[in-house]
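Visitor: Need coordinates for the following:
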Amino acid sequence: MIQYISKSFKWFFKLEAASGLILLIAAILALIVSNSNLSQIYFQTLEKYLFIGINDFGLKLSVHHWINDALMAIFFFFVTLEIKREFIQGELSNIKQAMLPIIAAIGGMVVPALCYILINLGNSETINGWAIPSATDIAFSLGILSLLGSRVPISLKVFLTALAIIDDLGAILIIAFFYSGDLSVPYLSLILLCYIFLLILNKFSIKIFIPYLIVGLFMWFFTYKSGIHATIAGVLLASAIPHRSKEHDFSLLMKLEHGISPYVAFLIMPLFAFANAGVSLEGLSLMSLMSPVPLGILVGLFFGKQIGVLLFSYVSVKLKFAEMPNNSNWMSVYGVSILTGIGFTMSLFVGNLAFINNIEYIDGVKIGVLSGSLLSTIFGYFVLFISSKK
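Guide: Down below sits the predicted model:
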């Protein structure tokens with residue numbers, strides 16, 4: 001069993017390293033295309049409407065919305081599968097091991113949000129973006145960490161993985177409670193009925209995915225119509241997938257997690273990055289970064305994240321609420337804290353929700369996220385390289 005878990009971790013980190021590189025390439029391509037002669041085609045394609053359905057039953061959304069509402073529901077489905085598995089039999093199943101990443105993640109969400117709020121205090125239009133710098137891109141941050149190979153102990157990689165997963169859970173809750181629109185009671189009732197049906201399937205340990213998928217598709221449609229962001233349907237579906245801690249072979253949850261992970265890592269996330277990272281750099285200057293939205297995100301991601309994660313980690317260890325990762329020191333923990341400032345895809349996603357009614361701020365969101373994530377990548381890698389130098 002231990003040997004199997006070890007192989008799973010090695011497979012996971014190899015996947016994250018590769019997917020992090022693909023994400024970087026997708027973001028660079030988006031910036032190149034959006035600042036070239038192809039920019040008009042790029043933006044027009046994203047705004048082109050597509051109808052998916054049969055006759056009158058279906059949805060007509062822009063390409064951009066299909067990516068952000070439908071494909072990202074699959075991403076959140078995958079993330080929730082990871083979270084559930086970790087809490088049942090992973091690093092988060094042992095409260096003593098889980099305390100450090102849990103406390104660190106809380107610090108990594110609270111302090112960046114406070115940084116953004118302080119910079120945007122008094123501005124009723126921009127204050128809604130407070131949650132943007134609270135997110136961590138698990139694929140990108142782990143991809144950078146994996147570039148250091150064996151120089152970084154496995155305990156630090158596990159720490160960052162657990163922290164980022166809890167961070168994603170926090171982002172899911174924020175989206176559900178703070179970034180939902182006007183709620184429709186009839187559609188909410190239909191969502192509840194779907195979820196009850198899913199729980200019945202779970203109760204009887206149905207291990208065939210097709211019934212879950214059919215109910216999940218209806219639930220996604222009802223969620224989209226309800227006023228709650230459609231990606232929450234992926235969260236609800238994943239939470240109902242059966243997984244038992246005593247199962248030694250692959251459960252349905254683990255089969256799904258391993259089955260869809262390459263598609264999430266190498267198709268959905270790069271496609272999201274390509275569709276959302278494109279921003280015109282024409283007229284961009286240092287003063288552009290001084291605007292409240294990009295400055296708040298930049299400060300939150302680069303300074304708020306590292307301060308929050310390191311400070312909360314340090315206090316929890318000194319007060320003996322948690323233990324340091326094995327074979328690590330405070331300099332290496334600090335390096336990991338900086339890497340949590342790589343918000344990228346998650347921050348861009350939250351930014352789109354925060355300013356859905358104020359799209360004039362979206363370019364500022366992209367500039368802040370890209371610059372904050374870039375600084376966190378460079379400095380985080382440098383600190384970890386120095387701390388692990390033999």
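Visitor: What segments of the stretch 251-390 of the chain are strands?
Guide: With DSSP state E, counting those that start in this stretch as the criterion, the stretch 251-390 of the chain has no strands.
Visitor: any low-confidence regions in it?
Guide: 283-285, 389-390 (pLDDT under 70).
Visitor: All the strands of the stretch 51-200 of the chain, residue numbers only.
Guide: When assigned using DSSP E, counting those that start in this stretch, the strands of the stretch 51-200 of the chain occupy the ranges 57-62.
Visitor: what about the closest residue to residue 299 other than its chain neighbours, neighbour count?
Guide: On the basis of C-beta to C-beta, 6 or more residues apart in numbering, the spatially nearest residue to residue 299 that is not a chain neighbour turns out to be residue 115, at 4.8 Å. Backbone N, C-alpha and C define where each C-beta goes, glycine included. Residue 115 is surrounded by 26 other residues when neighbours are defined as other C-beta atoms under 10 Å.
Visitor: surely residue 115 meets residue 133?
Guide: Yes - distance between residue 115 and residue 133: 6.8 Å, which falls inside the contact criterion (C-beta atoms under 8 Å).
Visitor: joint contacts of those two?
Guide: Residues touching both residue 115 and residue 133 (C-beta atoms under 8 Å, 6 or more residues apart in numbering) are 296, 299, 300, 304.
Visitor: Out of these, give me the one that has the most neighbours.
Guide: Top of the shared contacts of residue 115 and residue 133 by neighbour count (other C-beta under 10 Å): residue 300, with 33 neighbours.
Visitor: Return the residues in contact with that one.
Guide: Residues near residue 300 by C-beta under 8 Å, 6+ apart: 111, 112, 113, 115, 116, 132, 133, 134, 372.
Visitor: cool, and residue 343?
Guide: The contact partners of residue 343, taken as C-beta under 8 Å, 6+ apart, are 132, 133, 135, 136, 137, 297, 301, 305, 369, 372, 373.
Visitor: Keep only those of the contacts of residue 300 that are in helices.
Guide: With helices defined by DSSP state H, the entries of these inside them are 111, 112, 113, 115, 116, 372.
Visitor: so which of those residues is the most crowded?
Guide: residue 112 (35 neighbours).
Visitor: Wait, that one touches residue 302, no?
Guide: No - with the criterion set as C-beta under 8 Å, residue 112 and residue 302 do not qualify as a contacting pair; they are 9.2 Å apart.
Visitor: can you count the residues close to residue 262?
Guide: 12.
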